[in-house]
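Colleague: heads up, no residue letters with this:
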């Protein structure tokens, strides 16, 4: 590694730390009336500070960072696995599976409300959505692995993911056709939101990140070998089926946790590795960690904007990430066309 590469890594690492702290402080100061540091400071001095800052804004801010970190990590793993810079965490059917799980629970709770008490139906809808989304995401990935007959061939795995995604999306459309009242909940899930993140969500995602990140780090050398081609990686002693299967597990865990807690957040997992490569040429070991931190910064910034742009009305954070991320990719493609 050259001195210039070391310096670029240090600069990027410092920038990610600083931006995380700055946007974290901005998240604590962003409320129903927009971004206001003076109001946040006044709240801390009063009796409502512990509730608004400690139980609402703080877990939401940390949860947004953790959600983005999981998606950034999953995006870097997906792009390394498929050796494609346009790969994103939702390629293996996890998104469609999560949506189907949410729609099924919503429809079931609405049907149950006809025979059960309203409180029981609300309990099923509230606490069953997260579990259903996570289980649905895992089922989508397992179906993809089954259809692809394992993880031996990335092309077959990618094609199987597309097929499973289309199939599960069609099934969720059928459920909403039979239970139209579930359509509104499905739309909210598709738009993504960090507004329901609490300390419990932060604990779950933090634990998942602590499991997924070290495992991905151990696979980083195999990802570096894969950049040379499958034959070269095999000649270097890499067991491709085992490595691919382990990477799919990391991808499923990170994506499933993020989606189950915050819904479908677009472009964060796709853009984060691109930004890291733009500012620092690095092997996959550093790329995976930096992409996780970059994803946390991006989603945290989008969350602050979602709360502040049109206050007191809040915008869906998934819409902002789609607009900003899509705009960045359009600019990047235009720039490469003009300056090849």
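Modeller: Right, received. Where do you want to start? None of the values given here were measured: they were computed from a predicted structure. Numbers count the residues shown, from 1 in each chain.

Colleague: ok, now how distant is residue 265 from residue 17?
Modeller: Using CB to CB, to the nearest Å, we find residue 265 at a distance of 22 Å from residue 17. The way it works is simple: take the backbone N, C-alpha and C, and place the C-beta from them, glycine included.

Colleague: cool, and residue 137?
Modeller: Distance from residue 137 to residue 17, by CB to CB: 30 Å.

Colleague: Show me which of residue 265 and residue 17 is the more surrounded one.
Modeller: residue 265 (32 against 12; other CB atoms under 10 Å).

Colleague: Please state the offset of stretch 75-90 from the chain centre?
Modeller: Averaging C-alpha positions (CA atoms, centre = their mean, to the nearest Å) puts stretch 75-90 13 Å from its chain's average.

Colleague: do the same with stretch 143-158
Modeller: With CA atoms, centre = their mean, you get 22 Å for stretch 143-158.

Colleague: Same check on stretch 84-93?
Modeller: Offset of stretch 84-93 from its chain centre (CA atoms, centre = their mean): 12 Å.

Colleague: what do you get for stretch 291-300?
Modeller: Chain-centre distance of stretch 291-300: 10 Å, with CA atoms, centre = their mean.

Colleague: which residues are in contact with it?
Modeller: 13, 16-17, 19-20, 23-24, 27, 61, 64-73, 75-76, 194, 209, 213, 265, 268-269, 271-273, 275-276, 317, 321, 325 (CB atoms under 8 Å, 6 or more residues apart in numbering).

Colleague: List only buried entries from these.
Modeller: 16, 19-20, 23-24, 27, 61, 64-73, 75-76, 194, 209, 213, 265, 268-269, 271-273, 275-276, 317, 321, 325 (16 or more other CB atoms under 10 Å).

Colleague: Point out where the stretch 1-150 of the chain drops to low pLDDT.
Modeller: Low-confidence segments of the stretch 1-150 of the chain (pLDDT under 70): 1, 31-51, 111-127.

Colleague: at 80 instead, please
Modeller: Residue ranges of the stretch 1-150 of the chain with pLDDT under 80: 1-5, 30-54, 108-129, 150.

Colleague: Please, where are all the strands along it?
Modeller: Taking DSSP state E, counting those that start in this stretch as the test, the strands found in the stretch 1-150 of the chain are 30-31, 34-35.

Colleague: residue contacts, residue 202?
Modeller: So residue 202 contacts 59, 62, 63, 66 (CB under 8 Å, 6+ apart).

Colleague: thought residue 95 was touching residue 137?
Modeller: Yes - the pair residue 95 and residue 137 qualifies as a contact (CB atoms under 8 Å) at a distance of 7.4 Å.

Colleague: Following the helix or strand where residue 298 lies in sequence, what is the next regular element?
Modeller: Per DSSP states H and E: residue 298 is located in helix 284-308. Per DSSP H and E, helix 284-308 leads on to helix 317-338 as the next helix or strand towards the C-terminus.

Colleague: For that following helix, which outside residues touch it?
Modeller: 64, 190-194, 262-268, 270-271, 274, 298-299, 302-303, 305-306.

Colleague: Which ones among those residues lie within helices?
Modeller: Secondary structure defined by DSSP state H assigns 64, 190-191, 262, 268, 270-271, 274, 298-299, 302-303, 305-306 of these to helices.

Colleague: I'd like to know which of the residues you listed is nearest to residue 227.
Modeller: residue 274 (15.9 Å; CB to CB).

Colleague: Any figure for the gap between that closest one and residue 26?
Modeller: Counting by CB to CB, the gap from residue 274 to residue 26 is 24 Å.

Colleague: and what of residue 164?
Modeller: 39 Å.

Colleague: Neighbour count: these two, which is higher?
Modeller: For residue 164 and residue 26, the more surrounded residue by other CB under 10 Å is residue 164, and the numbers stand at 25 against 20.

Colleague: Tell me who's in contact with the more buried one.
Modeller: The neighbours of residue 164, taking CB under 8 Å, 6+ apart as the test, are 92, 93, 96, 97, 140, 143, 144, 147.

Colleague: show me what contacts the fifth one?
Modeller: By CB under 8 Å, 6+ apart, the contact list for residue 140 reads 92, 93, 94, 95, 96, 97, 98, 100, 164, 165, 168.

Colleague: Residue 132 against residue 102, yeah?
Modeller: Yes - between residue 132 and residue 102 there is a contact under CB under 8 Å: 5.7 Å.

Colleague: Give the residue from those two that has the larger number of neighbours.
Modeller: Neighbour count, other CB under 10 Å: between residue 132 and residue 102, residue 102 has more, with 29 against 23.

Colleague: you'd agree the more buried one is up against residue 129?
Modeller: Yes - if you go by CB under 8 Å, residue 102 and residue 129 touch, sitting 5.6 Å apart.

Colleague: All set now, cheers.
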